[in-house]
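Engineer: Pasting the sequence and the predicted model now:
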Amino acid sequence: MSIEPVPRATARIAILAATALCVASLALFWPGIAMYDTVAQYRQVLSGVYDDWHPPIMARAWAVLAPFGPGATPMLVLQLVTYWLGLGLIAGALARLGRSRSALAILVIGLLPPFLGWQGVVLKDAQLAGALLATVGIVGWWRLAGRPLPGAMWIPVTVLLAYAALVRANAVFIVVPLVVMLAPRPAGLSAKTVTGLIAVVVVLGVAPIINHQVLDAQRSGVEATQALYDLAGIAARAPDSATTGLTQAEAATVIARHCAKPFFWDPLGDDAHCGTTMARLRALPTATLYATLASAALHHPIAYATHRFAHLNSTDRWLVPFRWPSAAPPTASEPNTIGLADPNAAARTWESLTAAIVETPLGWPIAWIVVAIVALATCLSRRRDATRDFATALLVSALALEASFAVLSIASDLRYHLWSMIATAVATVLLADRAPPVKILVVGTGALGLIVGGGIAARVRLPRAPQTYAGMLG
């Protein structure tokens, strides 16, 4: 009688544990938490009329799944099943290699409140995280064992990657680096970089065609928001110049009403604040808006850089006050009359715990960025193997997304950083099979200490921000 190898049995246990955690998560968050964006998308599902302010691919997927359950439940199932599928397959792959502790750590990552808490909210960010984790789980199951991905597995991987690329406008900065780094060809870093840049341009060009012609989404003007936000930010710091895109009267209004906020762009779209002031610019063609922004940034590089750094600091949650808003998932659904229900008491308790934990460095994207940089340096110090290459792909995709926020970002919600944080956590566990070089560890620990120390000092010294959306609007 043969005895089954222990690592293979442990791999099965890891996958079964992930399955059990998935079921428990569904029970915890059932029927799903709905935010404002969720309600807006479900209205599109019910009406059959779609626009591109929110990703039409998600609303279309929701319409397909709607017969399988009421309200948000089909999408909750989709995002939690893909989330735990990916983590379970990675844990199983590590267990199969004899790394049972690492497998357990991967499952613990899935339970971290800042990650799982947001995965209980039916939202494009949770859909993105689920699709990406399922992708890397499927690929990792084979690649971490040094085996190529079977041909049949390219179908779910392609579907998941396409969905991920379309479910957030900035997902291209995740998906393309991830695919390019995982792909065996091209092999060289320079060739991968060039391929990645070309692919980003292609995806950015193709996505609007898919959204508008294939998915039949109406144009909402969402593409103008970045330019409007940056032009207002420049004008607030260089108000007397005609090259900012705003007239002096418009710039004066933006300054007087404090509408160029590092936290988010929303006052510029609200007629009660600066919406009417920005109406002239909003009416311009998109190409003209971005040409105006390019000119303004070239004429006022310091104003532009100051504006972007202020927003980057806000969205990375570094030198900000304690309880900087939009970090914790909601404990109740957005009020609605279309059948999106509130979560149960257990979910509200979990999200309250999440609200406390996101105030620690676990909820600071800037801390995860430092960890990702240190982990990537560790990757580069190692000989190439399957684990090193897989971790590198995760870290490059995480850091590419974070780098994109320096130029393309208009709001400071923690959920925008979920993939970067999760990918960094998973990559760190993958690399835990051997100690990093002492120099990298010392420098990385020192840098993380400085970042965390600065963040704590800011939270102690800075005055508390308003805790409501209306308060942040001003």
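Structural biologist: The structure has been received and is ready for your questions. Computed from a predicted structure; not experimentally measured. Residues are numbered from 1 along each chain as shown.
Engineer: Extract the CA atoms of stretch 170-181 and return them as PDB.
Structural biologist: Extracted in PDB, the C-alpha atoms of stretch 170-181 (Å, rounded to 0.1, in the frame of the first residue of the first chain):
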ATOM      1  CA  ASN A 170      -6.300  52.400 -14.200                       C
ATOM      2  CA  ALA A 171      -6.200  48.600 -14.100                       C
ATOM      3  CA  VAL A 172      -4.000  48.700 -17.300                       C
ATOM      4  CA  PHE A 173      -1.100  49.700 -15.000                       C
ATOM      5  CA  ILE A 174      -1.600  46.400 -13.100                       C
ATOM      6  CA  VAL A 175      -2.500  44.000 -15.800                       C
ATOM      7  CA  VAL A 176       0.100  44.800 -18.400                       C
ATOM      8  CA  PRO A 177       3.100  44.800 -16.000                       C
ATOM      9  CA  LEU A 178       1.800  41.500 -14.500                       C
ATOM     10  CA  VAL A 179       1.400  39.800 -17.900                       C
ATOM     11  CA  VAL A 180       4.700  41.100 -19.300                       C
ATOM     12  CA  MET A 181       6.600  40.000 -16.200                       C
END
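Engineer: Any buried residues in that stretch, and which?
Structural biologist: The neighbour-count check on stretch 170-181 (16 or more other C-beta atoms under 10 Å) flags 171, 172, 173, 174, 175, 176, 177, 178, 179, 180, 181 as buried. From N, CA and C alone the C-beta is placed, and that goes for glycine too.
Engineer: Next, the contact list for the third one, please.
Structural biologist: For residue 173, the contacting residues are 200, 400, 401, 403, 404, taking C-beta atoms under 8 Å, 6 or more residues apart in numbering as the criterion.
Engineer: Just among those residues, which is most surrounded?
Structural biologist: Using other C-beta atoms under 10 Å as the neighbour test, the contacts of residue 173 are led by residue 401, with 25 neighbours.
Engineer: How about the contacts made by residue 217?
Structural biologist: So residue 217 contacts 50, 51, 52, 56, 211 (C-beta under 8 Å, 6+ apart).
Engineer: What subset of those is buried?
Structural biologist: Buried members of the contacts of residue 217, counted by 16+ other C-beta under 10 Å: 50, 51, 52, 56, 211.
Engineer: how about low-confidence regions in this structure?
Structural biologist: Scanning the chain for pLDDT under 70 picks out 1-6.
Engineer: so what are the domain limits for it?
Structural biologist: Domain ranges of the chain: 6-217+358-460, 222-316, per automatic domain parsing.
Engineer: With distance to residue 326 as extra columns, can I get these in TSV?
Structural biologist: Converted to TSV, the domains of the chain look like this (distance: least, C-beta to C-beta, whole Å):
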stretch	distance to residue 326
domain 6-217+358-460	4
domain 222-316	8
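Engineer: can you tell which of the ones you listed is closest to residue 336?
Structural biologist: Residue 336 lies closest to domain 6-217+358-460 among the domains of the chain, at 4.8 Å (C-beta to C-beta).
Engineer: And for residue 274, nearest residue in space, chain neighbours not counted?
Structural biologist: residue 259 (3.7 Å; C-beta to C-beta, 6 or more residues apart in numbering).
Engineer: didn't residue 282 look like it was pressed against residue 221?
Structural biologist: Yes. Between residue 282 and residue 221 there is a contact under C-beta atoms under 8 Å: 6.8 Å.
Engineer: Give me the more crowded residue out of those two.
Structural biologist: Higher neighbour count among residue 282 and residue 221: residue 282, with 17 against 14, using other C-beta under 10 Å.
Engineer: Pull out the buried residues from the helix or strand encompassing residue 226.
Structural biologist: According to DSSP states H and E, residue 226 maps onto helix 225-237. Using 16+ other C-beta under 10 Å as the burial criterion, the residues of helix 225-237 that qualify are 225-237.
Engineer: Which of those residues lies at the shortest distance from residue 215?
Structural biologist: residue 225 (20.0 Å).
Engineer: Isn't residue 328 up against residue 354?
Structural biologist: Yes. Judged on C-beta under 8 Å, residue 328 makes contact with residue 354 at a distance of 5.5 Å.
Engineer: Which residues are in contact with each of those two?
Structural biologist: Joint contacts of residue 328 and residue 354 (C-beta under 8 Å, 6+ apart) are residue 117.
Engineer: sorry, back to before: phi, psi for the residue nearest to residue 274 please.
Structural biologist: phi -90, psi -10 (degrees, to the nearest 10).
Engineer: neighbours of it, just the number please.
Structural biologist: 25.
Engineer: Any figure for the gap between it and residue 179?
Structural biologist: Distance of residue 259 to residue 179, computed by C-beta to C-beta, to the nearest Å: 39 Å.
Engineer: do residue 227 as well
Structural biologist: Relative to residue 179, and taking C-beta to C-beta, residue 227 is found at 28 Å.
Engineer: still on that earlier bit, can you put the buried residues of stretch 170-181 in JSON lines and add secondary structure?
Structural biologist: Listed next are the buried residues of stretch 170-181 as JSON lines, based on DSSP: H, G, I helix; E, B strand; the rest coil:
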{"residue": "171", "secondary structure": "coil"}
{"residue": "172", "secondary structure": "helix"}
{"residue": "173", "secondary structure": "helix"}
{"residue": "174", "secondary structure": "helix"}
{"residue": "175", "secondary structure": "helix"}
{"residue": "176", "secondary structure": "helix"}
{"residue": "177", "secondary structure": "helix"}
{"residue": "178", "secondary structure": "helix"}
{"residue": "179", "secondary structure": "helix"}
{"residue": "180", "secondary structure": "helix"}
{"residue": "181", "secondary structure": "helix"}
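Engineer: Helix or strand: which one has residue 445?
Structural biologist: Assigned by DSSP H and E, residue 445 belongs to helix 438-461.
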